[in-house]
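**Student:** I'd like to go over a predicted model; first the sequence, then the structure.
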Amino acid sequence: MNSFPAMLRQQRWIWAAAGVLILWAALSVVSERASLSSLTGIARSVSFLTLVALGQMFVVTTGRGNIDLSVASVVTLSAFITVTVSGGTNAGLPLALAAAVAAGAATGLLNAFLVLKLRIAAMIATLSTGYILATATLMINRQVRGFDVAPALRTVATERVLGVPVIALIALAAVAVSGIVLSRTAFGMRLAAVGQNLEAARLAGIRTGATITAAFITSGVLAAASGALLSAYVGGAFLDMGTPFLLQSIGAVVLGGTLIFGGSSTAVGTLFGAMFLILIVTTMQVAGLPTGAQDVVQGTIIIAVLAIAGLSTMAQRRRRLAAES
Amino acid sequence: MRVSLRSDSDGAVLARQAEPIVSLSGVTVRYGPTVAVSDLSLAIAPGEILGLVGANGAGKSTLMRVLGGTTIPDQGTLAIGGAAVHLAAYGPKAAQRQGIRTVHQELSLCSNLTIAENFFIEQPEAHPQPVGWRRAYAKAALASIGAVFPGARPDMTAEIGSLPIAQRQMVEIARAVASPGLQLLILDEPTSSLDAVASRQLRDHVRALAARGVAVIFISHKLTEIVDVATRVVAMRNGRKVADCDVSEVSVAGLVEIMGGAQLEAELRRAREHVRDLGPVLATVAGTRAEPLATPISCRAGEIVGIAALEGDGQQALLKDLFHGGRGGASRSAAVAYVSGDRVREGIFPLFDVLTNIAVGRTARRPAFSVVSMEKEREHALPISRSVKLDPERFSSPITELSGGNQQKALVARALATDADILILDDPTRGVDIGTKRQFYEVIRAAAEGGKLVIWFSTEDREFEECDRVLVMSQGRIVRELAREDISEEAILNAAFSARAGATETKAEQGRSAGDWLRLALRHTALIGLVLVFAVMAARNPIVISEFGLKLLLGPAVALVLIGFAQMFVVGGSQIDLGAGAFVGFINVVAVTLLASTPALGAAAILAGLGGYFLLALIIRLCHVPAIVATLGASFIWYGTGYMILPAPGGAAPDWLRALTSWSIPGIPTPLILIVAATAVAIAIHRSRLGTVLRGFGNNEAVVERSGWPALRYTIYRYLIAGGFAASAGLAIAASSGAGDINAGGTYTLLSVAAVVLGGCQLIGGVIFPLGVAAGAVTLSLIGALLGNLGVSTDFNASIQGLLMIAVLGLGAAFLRRDER
């Protein structure tokens, strides 16, 4: 029970959780308001980010520097598709959601094709598809006017159940499902195996290509879902609405304790990573920091955390080498 | 000290008189529980040519690594020139200083550099002049190659990677021979890719070196060469020296016998007496691979089939083809499990515990969302781990904490747990102690008795005593099938060596293949694209080729060319800068605000930006943060800072900055001059000693570092150069537009990568072309204009640039794959 996977023993997500608590306290002091309401206030932002970051986590887990830089464009495109296809009616909503999710899945499939068949580095491949999607979004933006949100979707994105935002419940469910898939299913084991040692995974009989493809598709679908919900929350779609998700999704994954080189991931950690980042942004907003400074702080924190993590793994490796010799 | 008693060559005469160059005594090297070299003593005198022979895994290479300073022995002493060496302070650099040079089997050249540049990387002091050094090195390199291989005419302008393997080996040998102060030359399989003529030339040169007093250790599987060139022969088996005699006392046949050894373990003999019942045919090998035997080879259930081959004779390819099934004439009709002896690369999952490492094989083909119960996996793994003598107590330990032998047991358990009917063993006992080996033999025997087909490649010829028959491979083909009663180490060695000796030496140099031409075209995509785009535009609107038209068109390209170079130097280190565009935007904003109002503050801000690149280099190198994430994080810092300085487009560039770009020479468009100047600077850096070392680091970091170049310092140089070009790009935008916009930089990140890719650079491996990048950048900036000219909305710019990049990279990958076949 306690043996799979190894990361559960290491509990790397605890650091992000501790960061969340500290920031929450800081935020409470700064805002001088009831701390619980300030937390539920940012729950929605955390939820949108968590959905995207979970997908990013699946891709990062496949290892060898795999990363999905197209998520930002998928979020925006999905928001546009949802708004335009539904036409602001509940009747059009199922088709709209299907179209948005299909676009996300297709993007993931295209990314996987570029990475696996054309052997283009994931970073370049997903950067390129991201730009192609941005063009598609731009074209929709030129031709469509009037952004009405389907009432049903607005309900999902804005209402609460027992005081908890529905969207937060959706995000929590996604975290739970991702966590179970990663730690309890054959797919989760294969995903981690592929990320740790691709050649060994192939020789152990794993269909490595299918596993990596599934990760990219998951990322596309989750980003699309987040984009659809985001459009309902903000009341429409606009260009660049997905942009913050690029760095933040990667940041949430890495801060949460998922290894950037792949092979080990934690869904709970990604949730805490997302909370941590959103709390930073919120704290900065409440503290009245200008927009630019917020970006600077975010970038600095992510680099600093990675640098410290890098130094500590180096130290660990040195200790292990010393112990062996 | 050991001295030849009888001798008839000059070298041996010298040997009798002089102090040994190197003497090892009582050297023992252990890898975990395995003893690779055991209590071995060896002295080499000036002028001696020592032929070192032994079967695979006998410990020859380990012994040479001790001499070369890459392996520190567990016991024993080393003396160089009669003086004892402090082993803890001994390393590759110290060995080189003492005049000990090794030519390894796997070549240590930077494949993206020319011959001359490779000579420079290793001997930077030989020709220190900043100008003309390349020609001096080329001359020296050609002389060194010519001295060893008279008549060899390698292409001195080509990168090493595009030379035939034989020429690469010549370069490697010539570079070692030419190293100053050479005392001891170690040649590890130097003739493996040389043809007969070059091999003879090398042996002649080795004799000449010996006459000059240089000692040479010559390792080869080609025993005729050993007998031909050596003055003294040392044979090793199982890490021990089993023979040490004058060359006149041995023959090829005698050497084979000494290496193999006559004594056979009775235990292994007994195993062969038990006959198993064979089941249906589970795997066959047909086609060209089995051609020498005239009939396809069928392997049956219950059989242990050995595969014997000298290193690199196609055994790996055969095993992988059998694993995949239906490739290269190898087919199978049952499920297969693979056990590799290369545990780190092909076996273990380092982050999993032992039980998960075993279970992963069983779960590989289950439905994706089936729940894995570790309890059930444990129950299933228990009897198997007992049968392979792996203690179930270790199930929850991280696999990396196990010894090599126990790791291998876990891998065998993984294979047995899958219930596959075919077991492929790829040298599974590599680096495993003898006790564990015996346990393996029992497990394998039991598996065969249980009706499995075992296909077993081993580098330890003794293990074939366990097999029902052995297929001996040479040069990719199965040349001999030894039946059970014929299996012996001598028979295997004889078969492998005679096939090799009989094979015609066909590894001659080849001309440029079609693939090379295609790659050449691909490399020049940017230039071809540039000409095409220009032609189309000129055809549609002749004003384009006027001075005014060019000025208008090329204006925006200046900044793109500069940022393309910034990205190129980062890519040259096999890294990427995702913050380049944002940095350009930041500098642009600084230029139109601070630099205009308070020039000193502005200059300080730009320097601070470069300081940021300096910090990035430190973080990437010292903290091992991937460049992609570090620079992506930095992009937010650049953007945020720029946004704080200038939230909305505006500002005004200082007049002196505008003046830098507003001058003109009649008849020549100013932007063209700027582009040419920027390209000249980039080419100058690229071709300088600094640029050459940077490219070397991007290609083969370990080798460049071993030659004494500090990696951290050169990472800093790399990022400062990139920062400098990016800063110039920001200033150029400010100068040409007169205003600033922090968002202006955004699209430049993708564009810079696209320019680099279009320019024919490779994202991994340090292969970059400044001229291509310049052409790529200009092409990209013209595409926007062309699309406008054709009436296409500028909305499409980004996606067309993205598509172009995918197309170029995809084509490149397709050609690469064709080449591999």
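**Tutor:** Thanks, I have the structure now. Residues are numbered from 1 along each chain as shown, chains lettered A, B, ... in the order given.

**Student:** the bottom helix or strand of the chain by mean pLDDT?
**Tutor:** Picked chain A for this. helix A:6-10 (a mean of 44; mean pLDDT, DSSP states H and E).

**Student:** assign the one residue in the stretch 51-200 of chain B that gets nearest to chain A to helix, strand or coil.
**Tutor:** When distances are taken as C-beta to the nearest C-beta, the stretch 51-200 of chain B reaches nearest to chain A at B:I72, 9.2 Å away. Every C-beta, even on glycine, is put in place using the N, C-alpha and C of the backbone. Under DSSP: H, G, I helix; E, B strand; the rest coil, the three-state class of B:I72 is coil.

**Student:** what helices or strands is whichever strand or helix holds B:L751 leaning on?
**Tutor:** Using DSSP states H and E, B:L751 sits in helix B:748-758. Applying 3 or more C-beta pairs under 8 Å, 6 or more residues apart in numbering or on different chains; DSSP states H and E, we find helix B:748-758 packed against helix A:122-143, helix B:525-540, helix B:557-571, helix B:580-592, helix B:770-789, helix B:797-820.

**Student:** quick one, it and helix B:580-592 angle?
**Tutor:** Interaxial angle, helix B:748-758 versus helix B:580-592 (axes from the mean of the first three to the mean of the last three C-alpha atoms, to 10 degrees): 120 degrees.

**Student:** list the buried residues for helix B:748-758?
**Tutor:** Buried residues in helix B:748-758, defined by neighbour count with 16 or more other C-beta atoms under 10 Å in any protein chain shown: B:Y748, B:T749, B:L750, B:L751, B:S752, B:V753, B:A754, B:A755, B:V756, B:V757, B:L758.

**Student:** can you give me how far it is from the chain middle?
**Tutor:** Offset of helix B:748-758 from its chain centre (C-alpha atoms, centre = their mean, to the nearest Å): 26 Å.

**Student:** relative to helix B:557-571, how tilted is that helix?
**Tutor:** Using the same axes, to 10 degrees: helix B:748-758 against helix B:557-571 is 70 degrees.

**Student:** send the alpha carbons of helix B:748-758 over as CSV?
**Tutor:** This file holds the C-alpha atoms of helix B:748-758, laid out as CSV (Å, rounded to 0.1, in the frame of the first residue of the first chain):
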residue,chain,number,x,y,z
TYR,B,748,9.9,38.2,-31.2
THR,B,749,10.4,35.1,-29.1
LEU,B,750,8.7,32.9,-31.6
LEU,B,751,10.2,34.8,-34.5
SER,B,752,13.7,34.4,-33.1
VAL,B,753,13.3,30.7,-32.7
ALA,B,754,11.8,30.5,-36.2
ALA,B,755,14.7,32.5,-37.7
VAL,B,756,17.1,30.1,-36.0
VAL,B,757,15.3,27.0,-37.3
LEU,B,758,14.9,28.4,-40.8
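
**Student:** what about B:L423, which SS state?
**Tutor:** Once three-state DSSP is applied, B:L423 turns out strand.

**Student:** show the pLDDT at it.
**Tutor:** Looking at B:L423, its pLDDT is 93.

**Student:** tell me the angle of the helix holding B:L751 relative to helix B:770-789?
**Tutor:** Helix B:748-758 runs at 120 degrees relative to helix B:770-789, counting by the same axes, to 10 degrees.

**Student:** work out for me the element residue 278 sits within.
**Tutor:** Assuming you mean chain A. Using DSSP H and E, A:I278 falls in helix A:267-286.

**Student:** cool, thanks, signing off.
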